[in-house]
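Enquirer: With the sequence up front, the predicted model follows.
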Amino acid sequence: MEERDPSSRAVTDSEHIIEALSEGKNKRVRKLLARLHPAKIAALIERLDEERRAALWQQVDAELEERILPHLRAEPRKQLREMDQEDAAPAALLDAEAMPLAKHSEQGHLQAIREALAEGRLKRVGKLLHRTHPAKVAGLLEALPPGERRAVWSMVETERAGKVLTFLHEEICAGLAKDLDPDDLAASAQFLELDDLVDLIQSLPSDIGARLLAATGGRRRQQLEALLSYPEDTAGGLMNADPIEVRADVRVGTVLRYLRLLDELPPQTDMLMVVDRTGRYQGGLRLSSLVTADTQERVTDLMFTDLEGIPVDMPAAEVAQLFEDLDLLSAPVVDDQQHLVGRITVDDVVDRIREEADRSVMQMAGLNQEADTFGPILAGSRSRAVWLGINLVTALLAAGVISRFEATLQQLVALAVLMPIVASMGGIAGSQTLTLVIRGLALGQIQRGNLRLLFTREMGISVINGVLWAVVIGLLVFAWFNSAMLGGIIGAAILVNLLCAAAAGLAIPLLLNRLGIDPALAGGVILTTVTDVMGFFAFLGLATLWLA
């Protein structure tokens, strides 16, 4: 077999570097540079024009710089040193000793990155990202338009890229994951905890997720496949397969020696799981009890049994409620036979609560929680068009009610001026009740046994507020239009609409919940329709009867 000329390899790699540089694939550029001898890199730099030379130098780290510079001719070496000096001066302002990043505002950090991008100072971007927590890096990426986002993403180190992806919304995560070389994505995933890796695979397109799973081997792959088999919105989908198990009949000294053999404890470990010979969960052993106990004591004398194992199929919402009620940091997860299969930690529960809150807020406006704030205009338009169409239908329904009283409106033009007041008051009152009921349903506070009490309370509040504001608005209208009749009509309409709004705000989420529809998604639109229709009907209906 003919031996390949080493120089041909250098030429090929050089061409690949130039190609990757022109496509903005900076991670690939850095990977290719690491394969070349400094002298070959210097030769490549001298072949490039000034613009591409500067772009390539931005991808050379400090250690490699010192090995390349001696191989350069005097003029390009001077040019690149001057470039480094220009980078160093502004970067010094952001040095950890001069101005710790912890004290930076989000806006200031984002501005510093955008300024560095505008000046083509990608090294400075890399330094900023290196000192920033992955969650903050994800926030910065989501705050950038697509073009700048890709440039910043190219400067995230491979070993941190996977962690950053886990903090991104699904739409952005999928797009940036596609920009990664498959080998780089697989390499970055190896730095993730199993539960984070499960979340990442579930948020990626199926083909990329499958490649990521295939790149994981050994026992880690078996654990990963087991975790992926559980639905995402259950305890199994939240758990991690890393509990430390001990037996009840061993001594404290034995447990301590075992723990010292481990490289490190799993994150968020506050207790060990006590199991029997068959792996059935028996209780927990808090680390605080373990480290203060006599080494001759047995685990059975220190363990607690009041914390039951969480069923692996328990809904995630119930898991979150359990953690909140019991102030848990971690909890065991068991199967149908009470075998310990994993544990859930508070950080995963907090993430779940935040995601649910984000989803509820976005869906109340008909928006997708995973939508990219700076995504394409057409995609954003399509997602909002449906909700606007639904709103148009409800508005036409309210307009239809108004049209039935056209003759009355022609007799008294002041009615048209005052109609929005009635609808607005009903809408606000109904929204207050709706929000309260949705929250109560989410927390499990509203059940069949207390519905009558809740209905009585809400109607009582509506009667008091209805009478109060009916009098206030009636007097204001009387003073405005000098018409006691008009003041009485709007006062009565306000009272009727507030009572209807309270009843609708209570009934709508209960009905939607019974039908399996998220009240946060459709409740607001239905409530607005009811309060508008009832407000206009009550106001104009009473006016028609009075003027007849």
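Expert: Nice, I can see it.

Enquirer: Sticking with Ser188, tell me its helix or strand.
Expert: Taking DSSP states H and E as the criterion, Ser188 maps to helix 182-189.

Enquirer: Which neighbouring elements make contact with that helix?
Expert: When contacts are defined as 3 or more Cβ pairs under 8 Å, 6 or more residues apart in numbering; DSSP states H and E, helix 182-189 packs onto helix 158-166, helix 206-214. C-beta: built from backbone N, CA, C; applies to glycine.

Enquirer: how far is that helix from where the chain is centred?
Expert: Distance of helix 182-189 from the chain centroid (Cα atoms, centre = their mean, to the nearest Å) equals 22 Å.

Enquirer: which helices and strands does the helix or strand just after it pack with?
Expert: Where DSSP H and E defines the elements, the next helix or strand beyond helix 182-189 is helix 194-203. Judged by 3+ Cβ pairs under 8 Å, 6+ apart, helix 194-203 is in contact with helix 158-166, helix 170-179, helix 206-214, helix 218-228.

Enquirer: Buried ones in helix 194-203, by neighbour count?
Expert: Neighbour-count burial for helix 194-203 flags 194-201, 203 (criterion: 16 or more other Cβ atoms under 10 Å).

Enquirer: for stretch 41-51, same thing?
Expert: By neighbour count on 16+ other Cβ under 10 Å, the buried set for stretch 41-51 is 41-42, 44-45, 48.

Enquirer: Can you convert these into CSV and add a column each for pLDDT and distance to Tyr281?
Expert: CSV is the format used below for these (pLDDT from 0 to 100; distance: Cβ to Cβ, whole Å):
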residue, pLDDT, distance to Tyr281
Ile41, 83, 57
Ala42, 83, 62
Leu44, 84, 60
Ile45, 83, 62
Leu48, 83, 63
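
Enquirer: closest to Gly444 among those residues?
Expert: Ile41 (62.8 Å; Cβ to Cβ).

Enquirer: Make sure the closest one is indeed in a helix.
Expert: Yes: judged by DSSP: H, G, I helix; E, B strand; the rest coil, Ile41 forms part of a helix.

Enquirer: which stretches of the stretch 351-500 of the chain form helices?
Expert: Ranges of helices in the stretch 351-500 of the chain, per DSSP state H, counting those that start in this stretch, are 377-403, 406-411, 414-443, 451-481, 484-514.

Enquirer: among those helices, which is the most enclosed?
Expert: helix 484-514 (a mean of 22; mean count of other Cβ atoms under 10 Å).

Enquirer: how far off helix 414-443 does it point, in degrees?
Expert: 30 degrees (axes from the mean of the first three to the mean of the last three Cα atoms, to 10 degrees).

Enquirer: need the contact list for the closest residue to Met425 other than its chain neighbours.
Expert: Closest residue in space to Met425, ignoring its immediate chain neighbours: Ile494 at 5.6 Å, by Cβ to Cβ, 6 or more residues apart in numbering. Taking Cβ atoms under 8 Å, 6 or more residues apart in numbering, we find Ile494 in contact with 421-422, 425-426, 466, 469-470, 473.

Enquirer: Look up phi and psi at Ala215.
Expert: phi -80, psi -10 (degrees, to the nearest 10).

Enquirer: Distance check, the residue nearest the centre of the chain against Ala42.
Expert: By Cα atoms, centre = their mean, the chain has its centre lying nearest to Glu355, at 5.1 Å. Separation of Glu355 from Ala42 (Cβ to Cβ, to the nearest Å): 50 Å.

Enquirer: Apart from its neighbours in sequence, what residue is nearest Gly253?
Expert: In space, and not counting its chain neighbours, Gly253 is closest to Thr295: 3.5 Å by Cβ to Cβ, 6+ apart.

Enquirer: Number of residues surrounding the one you found?
Expert: By other Cβ atoms under 10 Å, 11 other residues sit near Thr295.

Enquirer: from here on, count from 361
Expert: New numbering, starting at 361: the last item is Thr655.

Enquirer: wouldn't it be in contact with Arg617 here?
Expert: No: assessed by Cβ atoms under 8 Å, Thr655 is found out of contact with Arg617, at 9.3 Å.

Enquirer: where does the stretch 561-710 of the chain have low pLDDT?
Expert: Nowhere does the stretch 561-710 of the chain drop to pLDDT under 70.

Enquirer: In it, mark out all the helices, start to finish.
Expert: Remark: helices assigned in the stretch 561-710 of the chain by DSSP H, counting those that start in this stretch are 566-574, 578-588, 595-598, 612-621, 647-652, 659-662, 676-686, 706-724.
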